[in-house]
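**Student:** Here is a sequence with its predicted model. Questions after.
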Amino acid sequence: MIEAVGLTKRYGDKTAVYNLSFQVRPGAVTGFLGPNGSGKSTTMRMILGLDNPTAGQVTIGGYPYPRLPNAPRQVGALLDAKAVHGGRSARNHLLCLAQLSGIPARRVDEVLGVVGLQDVARKRSKGFSLGMGQRLGIAAALLGDPQVLLFDEPVNGLDPEGILWVRNLMKALAAEGRTVFVSSHLMSEMALTADHLIVIGRGQLLADMSIKDFISANSADFARVRTPDGEPQLREKLTSALTEAGGHVLPEQDGALRITGLPLPRISDIAHEADVRLWELSPHQASLEEAYMRMTQGAVDYRSTIDQKEGLMQPLPPGAQPPMPVPGQGQPDWYAPPPPQQGGQPFAMPQGQGPYGGAGQPQPGPYGAPSAPGADGSNPYAQPAPAAPQAPQQPPAPADLTKPEDAR
Ligand SMILES: Nc1ncnc2c1ncn2[C@@H]1O[C@H](COP(=O)(O)OP(=O)(O)OP(=O)(O)O)[C@@H](O)[C@H]1O
């Protein structure tokens, strides 16, 4: 388990991380979210002992990283995939890391297979694409078969197949009871990968809860209602009736109505009483992205101004709609705000009440990994060796990566 208590980091006048307390538990993928510059990488560096906290502390299994016994075998991390000696081959890079940590050389070939780089293992990494570099960084993180894994933006630059592979890998690692802490800006991916979220803004904790709780705490359920096209009077009649009944009605761009504050059966009854036919009445919940945008909109440091393209942009014709804004932004009532909780962080879960009742009960992962990985000496992530005539499961390496490796 990773535990931060009152973690604070200042660089001169700049407070990058302030009074951050959280736990990252084993047996789950914990997503680490926050806008650019919110302090995610700084926090990860402090977890790994690469930066010293100005105040507070962070421990792994009860020890600060520098005092952790046999740290490279216990903790693996991908922080910056570009931090590789480009003149070295992928295999030599991993061999150096393995030798430094007393890890046997055969493990290098195992992890190269796990990440799908076996065919380019002897190519110099400076010729690697962004995605191949990410795979090499993930291989380095897996090298010591660690119980605790940190990944900073692991899917950066990966193609859809690579993204799916990382998703399954993270889930498999967590299902084996490992602690998996992963930052990403890809909300849709995080929604599919993570079980739990830690969200920070401007270095401070904004949320520490399950994805499900995060979405329901930061967005109100709403109903979408559609009256017959071409009969605007029905739409207006329904709007008045719903508003009178205490509902909050907002028009959607496609002509439907978005209603909060009334349950679906009540909306149906009101429409019936008003003699309004419905073409649609459906329940909806905001996505993780919408909930995240809503929560962090006040903590964004870098926001684009509208590019006016002075002299280039045509004024909108009368009656034309401007493009839809980013969900939540500038629309205070789009989703009902969550009620603030008493004391402390408005969105933080009480300590010890997370959704981890079942944590530590590993399930077989998608790789068919045994629950005690490596107990039989096997590599839990290795993809099954394809039968001789079959194509490899990983995408083939680009054809131009054929330069011979430096003799070393
Ligand atoms: N070595 C440093 N010296 C001075 N300021 C720093 C240093 N490292 C980080 N910062 C500042 O601390 C803040 C947090 O940066 P950090 O890189 O941790 O954010 P982040 O959440 O990882 O951002 P991103 O999502 O863009 O990677 C930023 O304002 C950054 O400029």
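**Tutor:** That came through, no problem. Residues are numbered from 1 along each chain as shown.

**Student:** Low-confidence stretches in this protein?
**Tutor:** The model of the chain has pLDDT under 70 over residues 81-82, 86, 220, 304, 306-408.

**Student:** repeat that with 50
**Tutor:** Low-confidence segments of the chain (pLDDT under 50): 320-408.

**Student:** Most remote residue from the middle of it, which is it?
**Tutor:** Ranked by distance from the centre of the chain (Cα atoms, centre = their mean), the top residue is D275, with 46.1 Å.

**Student:** Helix, strand, or coil at that one?
**Tutor:** Recorded secondary structure, D275: coil (DSSP: H, G, I helix; E, B strand; the rest coil).

**Student:** let's number from 56 now, not from 1
**Tutor:** Got it, the first residue is 56 from now on, which makes the last one we talked about D330.

**Student:** Just the strands from this protein, written as ranges.
**Tutor:** Taking DSSP state E to define them, one finds strands in the chain at 57-66, 69-79, 83-88, 110-115, 130-133, 203-207, 234-238, 251-256, 259-265, 277-281, 303-306, 312-315, 335-339.

**Student:** quick one: the second one to strand 259-265, angle?
**Tutor:** It stands for strand 69-79. 20 degrees (axes from the mean of the first three to the mean of the last three Cα atoms, to 10 degrees).

**Student:** what angle sits between the longest helix anywhere in the chain and strand 83-88?
**Tutor:** For the chain, the helix with the greatest residue count under DSSP state H is helix 215-230. Counting by the same axes, to 10 degrees, helix 215-230 lies at 120 degrees to strand 83-88.

**Student:** Now for S271: which residues touch it?
**Tutor:** Counting by Cβ atoms under 8 Å, 6 or more residues apart in numbering, S271 touches Q340. Glycine gets a C-beta too; all of them are placed from N, C-alpha and C.

**Student:** roughly how far apart are the residue farthest from the centre of the chain and P318?
**Tutor:** 21 Å (Cβ to Cβ, to the nearest Å).

**Student:** ok, now I255?
**Tutor:** I255 is 35 Å from P318, by Cβ to Cβ.

**Student:** Not counting residues beside it along the chain, what's closest to G111?
**Tutor:** Using Cβ to Cβ, 6 or more residues apart in numbering and skipping the chain neighbours, the partner closest in space to G111 is G61 (3.3 Å).

**Student:** can you pull the contacts of the one you found?
**Tutor:** N74, L75, S76, A110, G111, Q112.

**Student:** And those, which of them are buried?
**Tutor:** L75, S76, G111 (16 or more other Cβ atoms under 10 Å).

**Student:** so can I have CSV of those residues showing distance to A176?
**Tutor:** Formatted as CSV, the buried ones among the contacts of G61 follow (distance: Cβ to Cβ, whole Å):
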residue, distance to A176
L75, 39
S76, 42
G111, 41
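
**Student:** returning to that earlier point: report all helices and strands that the longest helix of the chain contacts.
**Tutor:** strand 83-88, helix 185-197, strand 234-238, helix 242-248 (3 or more Cβ pairs under 8 Å, 6 or more residues apart in numbering; DSSP states H and E).

**Student:** Can you lay out these as a markdown table showing mean neighbour count and distance to the ligand?
**Tutor:** Shown next, in a markdown table, are these (neighbours: other Cβ atoms under 10 Å; distance: least, Cβ to the nearest ligand atom, whole Å):
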| stretch | mean neighbour count | distance to the ligand |
| --- | --- | --- |
| strand 83-88 | 25 | 9 |
| helix 185-197 | 23 | 15 |
| strand 234-238 | 25 | 7 |
| helix 242-248 | 19 | 13 |
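
**Student:** Please render the ones you listed as JSON lines that adds distance to N147 to the earlier fields.
**Tutor:** JSON lines is the format used below for these (distance: least, Cβ to Cβ, whole Å):
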{"stretch": "strand 83-88", "distance to N147": "31"}
{"stretch": "helix 185-197", "distance to N147": "11"}
{"stretch": "strand 234-238", "distance to N147": "27"}
{"stretch": "helix 242-248", "distance to N147": "31"}
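
**Student:** distance between stretch 61-68 and the chain's centre?
**Tutor:** 24 Å (Cα atoms, centre = their mean, to the nearest Å).

**Student:** Make JSON lines out of the strands of the chain and add distance to A227.
**Tutor:** Converted to JSON lines, the strands of the chain look like this (distance: least, Cβ to Cβ, whole Å):
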{"stretch": "strand 57-66", "distance to A227": "19"}
{"stretch": "strand 69-79", "distance to A227": "17"}
{"stretch": "strand 83-88", "distance to A227": "10"}
{"stretch": "strand 110-115", "distance to A227": "21"}
{"stretch": "strand 130-133", "distance to A227": "14"}
{"stretch": "strand 203-207", "distance to A227": "11"}
{"stretch": "strand 234-238", "distance to A227": "10"}
{"stretch": "strand 251-256", "distance to A227": "17"}
{"stretch": "strand 259-265", "distance to A227": "20"}
{"stretch": "strand 277-281", "distance to A227": "36"}
{"stretch": "strand 303-306", "distance to A227": "42"}
{"stretch": "strand 312-315", "distance to A227": "39"}
{"stretch": "strand 335-339", "distance to A227": "32"}
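
**Student:** Of the ones you listed, which is nearest S96?
**Tutor:** strand 203-207 (5.9 Å; Cβ to Cβ).
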